[in-house]
Each structure stands twice: as structure tokens, then as C-alpha cells.
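K.L.:
Let's see this in three dimensions:
(one chain, ligands or ions: 1)
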Amino acid sequence: MDPTLQPVFEEILARNPGEAEFHQATRELLDSLGPVVARHPEYTDAAIIRRVCEPERQIIFRVPWVDDAGQVQLNRGFRVEFNSALGPYKGGLRFHPSVYLGIIKFLGFEQIFKNALTGMPIGGGKGGSDFDPKGRSDAEVMRFCQSFMTELYRHIGEYTDVPAGDIGVGGREIGYLFGQYKRITNRYESGVLTGKGIGWGGSLVRTEATGYGTVFFAGEILKARGSSFDGKTVVVSGSGNVATYAAEKAAALGATVIACSDSSGYVVDEKGLDLDLLKEVKQVRRERLSSYAEARESARFVATTTGGAVWDVPCDIALPCATQNELDGDHALALVRNGCTVVAEGANMPCTPEAVKVFAEAGVAFAPGKAANAGGVATSALEMQQNASRDSWSFAHTEARLEEIMVGIHARCLETADTYGAPGNYVAGANIAGFIQVADAMLALGVI
Ligand code: NAP
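P.N.:
Numbering: from 1, shown residues only. The predicted structure is shown next:
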């Protein structure tokens, strides 16, 4: 890290104790900003970096609800409204037992620069709860969502803060959350949440957008190297929203997607994943991945308890699409050894700093999540546009917009990396391009 930024990082550590993921995300940004502060003393004069690392507002609240057995359950809710220099706070809600303030802050922080990269007028925020929807009935999930929104509604709005989904929050949860918001406010304010159902204000392509966008981004990397997805083998991690649609688009572009995972293990299917079966198992039946292998002869399931990882499966292209820090230095070495040449993050910060270092040293093209998975939030912004104009666009038109945005982000990352002396470095390009856009807006808006 540039020595002038070290005191800033020390201050972050002291002010945010025990928040390892937030430290990791801020450090990763600061590591790229040395050439920026050297060229732009005005950012230091206005304490832009210190200010951008401090959330504008953090809300923590109690979420009580009653389970099917009539027992009172208690969870904690969060919304971190991180930065609104470019537009209303925008970022998903995560329901997962691992959620605490440090996770929400890392995600909100990443979101600021990702949203800036899309070129859309949206600020950065994130929220969620330590609630675990797994194994809960629909009625329990509904009562939890209603209780969560009964507090959250007073903090959000189409011009203030616009949440969406993330891990554990899909179409079902967004429906219950929107229903409760509408009931409390007596307003059909479509633009207050994105990821809505198609029949009631949602946008076509939003479900597919993060996964498709990641593949469009990886496709641009391949194109810059005179290659494409056609004929390549691909491994994705996760089997949720991002993973499923990344696999779908990669397969549509001619790749064979041979493995995916969930928290119980991974499946290898050398014939290529049967995506209809995968959707049936994970989205409809909400079962573990072992059910996929039971239903398909060409597939085998490897349980997490055996100690292996999906990254042991040889592939040309790896798309980590599950969760933070799921791909470490050893996993990266295995991928490199097996000939992997491109890694694009569909999830947020899935690769540890050690893994990123291994990829850099081995010459593997590495696309960080804040660039590669920006297609989800970009399409959320397209959903907001459609809501504002009371319009709905066709699948083909919306997908074309998504692709255009991802191609644009890829070009911007490369240009910025070149300008700041780090040619071909997507991490530097994404961090610097996103930061400068936010920093210039913050300068213009004064000390607020
Ligand atoms: P999702 O639909 O809930 O799927 C998450 C997947 O990751 C599931 O297969 C889950 O397995 C697996 N997973 C979660 N925690 C895990 C762990 N600790 N170890 C192993 N596997 C784990 O969530 P999603 O929307 O696809 O989000 C995935 C990632 O993409 C997250 O990092 C999210 O922040 C990021 N992202 C999402 C969007 C979006 O539009 N949804 C946009 C940008 C970035 P189980 O089913 O076993 O839990």
C-alpha cells in the first residue's frame, strides 16, 4: 500500500474493530489508489478517501417473528447506507446466518464502486439479516419478511434507498417485502425495490442479469485474447441465482459447464450440467445438490466433508459465484496447475487476496466482482427506469442493454488501468475508475 494511505487504513482498523471482511475490502481498494493520490492531491485535501470509507448511515434493528410452532424467534436486521454521491443508495439484502455488520459493510463498500462503474445514477448500500431461510416454510419466510420491512420501510424509498436481492433473498422474499411496504405506506411505489416479479413491476432479464453479465465480461476478456467461450470447459461455484445463469449463458456461448457447488458439496457432470434439472432441484424443490447427482447418471456428488473443493475440477475458465473468500491460495494454485486461464468473480470478493496474487503471478486474467458482477445492479437500474416511465421492455432489448453496459465496463477498466500504469490489470482498473467517479461527485457536493 502507498505509504501516504497507510494512516488511512490504520484509522479504518481502529474505527471498525472485528470487521475482517470490511478491512479486506477497504485494503483491496486502498492498495490500488497510490497512483491516484499522487496525481490528485485535491482528493487528499478534501479527505475523500477517509470519508468514502465511513458509511453515511448504519441502521441496526430487532426483527421478532413467530414460527409455525408459535414460538417467538429473534433476528437482527441491518441496512448500511454507504454513499449517495451518485444517486439513491442501491444494493441487495442478504439473509444468511453468517450476516453481521462487517459483512454488510464490506458488501456496501464494494457496491459504491461497482455502481459507479455501471455509469448509472445509483449510490451504494447493502442490508440483510442473520435469518436463515433454509428449512423454513413459506409462511415463516413471509412473517419474517413482514417484520423486517415493518422497520426497514421508514428508511427506504425510490429517491432514498432501493434494496434488491442477494444470498437468501430471491423473488419470493422480494414479493413479501414489497407487499408489506405497499401495505404500510399505501403506495404502489414500484421503484422502491428491484428484483420484483414480471407481472408486478419487475424487469425481464433481472433474474439472469448477474450471471449473464459475468459471462459477458469474461467473454470480453477472452475476446481481447483472441478467444471465446466456444469449446471451453467452465466450472462455477454456487448453484443459486448468479451461478445458475452464469452457467446458462456460458453454455449458450458454446462452453461445457462441468461443475457447480452449494454449501454441502459439489457435482461434476462431464457431459455438461443439465440446467433444467439444476433449476428444478435448487429453485423449485429447494433441495441439496446431491439430489441432482441422484437424478443424473453422468453426474457425481462430492460432499464438502470429504475436504475437496469444486476448484479441484480441471477447467479453462472458473466463475466463483457463491460467497466471499470461497477460493483461497491453494484453490488458486490447483486451478493454475490444471490450466485455467480466466477467472471472473460472479460473487462478491470470493477470491482471497492470496488467490488473487497467485492468479497475477501465473498470468491468469482475473476480473474482480465489482466489475464482473455489476450486471445485476445495472439491470436493477434498468428496472427502476422502466418503473419510472411505467414501461416494460422486451427480453432482447434489456439483454442488449446489459451486454452493452458490461462491454463498456470492461473497456473502462482496461483504459483506466493503462492510464494509471497497470496495463491489463482489471483490479486496478475497476478500483480506480469506480473511485474517481465517486470522488469527483463528492468533491462537487462539498463537505457533507
Ligand atoms: P443465492 O441465490 O442465495 O445462491 C448462493 C449460492 O452460494 C448457493 O448455492 C449457496 O449454497 C452457496 N453458498 C452460500 N454460502 C456458501 C458458503 N459459505 N459455502 C459454500 N457455498 C455457499 O445467492 P446469489 O444471489 O446467487 O449470490 C451469490 C453471490 O453473488 C454473493 O456473493 C452475492 O453477494 C453476489 N451477487 C449477487 C447478485 C444478485 O443479483 N443476486 C449481484 C451481484 C453479486 P446453499 O444453497 O447450500 O446455501
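K.L.:
From the ligand, how far out is F144?
P.N.:
The gap separating F144 from the ligand is 15 Å, by Cβ to the nearest ligand atom, to the nearest Å. To be clear about C-beta, it is placed using only N, CA and C from the backbone, and glycine gets the same treatment.
K.L.:
From E173, how far off is D130?
P.N.:
Distance of D130 to E173, given as Cβ to Cβ, to the nearest Å: 15 Å.
K.L.:
Ok, K271 next?
P.N.:
Distance from K271 to E173, by Cβ to Cβ: 33 Å.
K.L.:
Compare these two (neighbour count), which wins?
P.N.:
With neighbours defined as other Cβ atoms under 10 Å, K271 and E173 compare such that E173 has more, 22 against 11.
K.L.:
can you list contacts of the host helix or strand of G92?
P.N.:
G92 is part of strand 89-95, with elements assigned from DSSP states H and E. Outside strand 89-95, the residues that touch it by Cβ atoms under 8 Å, 6 or more residues apart in numbering are 81-83, 103-104, 107-108, 111, 115, 122-129, 131-133, 144, 160-169, 173, 177, 195, 377, 380-381.
K.L.:
at 7 Å instead, please
P.N.:
Strand 89-95 has contacts (Cβ atoms under 7 Å, 6 or more residues apart in numbering) with 81-82, 107-108, 111, 115, 122-129, 131, 133, 161-169, 173, 377, 380.
K.L.:
Give me the packing partners of the longest helix along the chain, helices and strands only.
P.N.:
Longest helix in the chain, counting residues (DSSP state H): helix 395-419. The contact analysis (3 or more Cβ pairs under 7 Å, 6 or more residues apart in numbering; DSSP states H and E) places helix 395-419 against helix 101-118, helix 206-224, helix 375-388, helix 426-445.
K.L.:
and the last one, which residues are buried?
P.N.:
Using 16 or more other Cβ atoms under 10 Å as the burial criterion, the residues of helix 426-445 that qualify are 426-443.
K.L.:
so, in contact with the ligand or not, it?
P.N.:
No: applying Cβ under 6 Å from any ligand atom, one finds helix 426-445 separated from the ligand by no less than 13.8 Å.
K.L.:
Check the offset of that helix from the chain's centre.
P.N.:
19 Å (Cα atoms, centre = their mean, to the nearest Å).
K.L.:
now swap in the third one and tell me
P.N.:
Per Cα atoms, centre = their mean, the displacement of helix 375-388 from the mean C-alpha position of its chain is 15 Å.
K.L.:
Going forward, count from 15.
P.N.:
Let's use 15 as the start, then, which means that last one is helix 389-402.
K.L.:
the inter-axis angle of that helix versus helix 115-132?
P.N.:
Between helix 389-402 and helix 115-132, the angle comes out at 70 degrees (axes from the mean of the first three to the mean of the last three Cα atoms, to 10 degrees).
K.L.:
can you tell me which residues contact G460?
P.N.:
So G460 contacts nothing (Cβ under 7 Å, 6+ apart).
K.L.:
mind checking how far it is from R65?
P.N.:
From G460 to R65 the distance is 11 Å (Cβ to Cβ).
K.L.:
what's the neighbour count on the residue of the stretch 115-264 of the chain found nearest the ligand?
P.N.:
Relative to the ligand, the nearest point of the stretch 115-264 of the chain is G254 (1.8 Å; Cβ to the nearest ligand atom). Each residue near G254 was counted by other Cβ under 10 Å, and the total is 22.
K.L.:
picking up where we left off before, a markdown table please, covering the helices and strands packed on helix 409-433 and showing mean pLDDT.
P.N.:
Shown next, in a markdown table, are the helices and strands packed on helix 409-433 (pLDDT from 0 to 100):
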| stretch | mean pLDDT |
| --- | --- |
| helix 115-132 | 98 |
| helix 220-238 | 97 |
| helix 389-402 | 97 |
| helix 440-459 | 98 |
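K.L.:
I'd like to know which of those helices lies nearest to F409.
P.N.:
Taking Cβ to Cβ as the criterion, F409 comes closest to helix 220-238 out of the helices and strands packed on helix 409-433, the separation being 9.1 Å.
K.L.:
Render the CA-only coordinates of stretch 121-134 in CSV, please.
P.N.:
C-alpha atoms of stretch 121-134 as CSV (Å, rounded to 0.1, in the frame of the first residue of the first chain):
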residue,chain,number,x,y,z
LEU,A,121,-20.7,-5.5,0.6
GLY,A,122,-22.0,-1.9,0.9
PHE,A,123,-18.5,-0.6,0.3
GLU,A,124,-17.9,-2.7,-2.8
GLN,A,125,-21.3,-1.7,-4.1
ILE,A,126,-20.4,2.0,-4.2
PHE,A,127,-17.7,1.5,-6.8
LYS,A,128,-19.5,-1.2,-8.7
ASN,A,129,-22.5,1.0,-9.1
ALA,A,130,-20.3,3.9,-10.2
LEU,A,131,-18.7,1.6,-12.9
THR,A,132,-22.1,0.9,-14.4
GLY,A,133,-22.4,4.6,-15.3
MET,A,134,-25.9,4.6,-13.8
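K.L.:
ok now do D175, which residues does it touch?
P.N.:
D175 neighbours (Cβ under 7 Å, 6+ apart): 95, 102-103, 139, 169.
K.L.:
which among those residues are in contact with the ligand?
P.N.:
Within these, nothing lies near the ligand by Cβ under 6 Å from any ligand atom.
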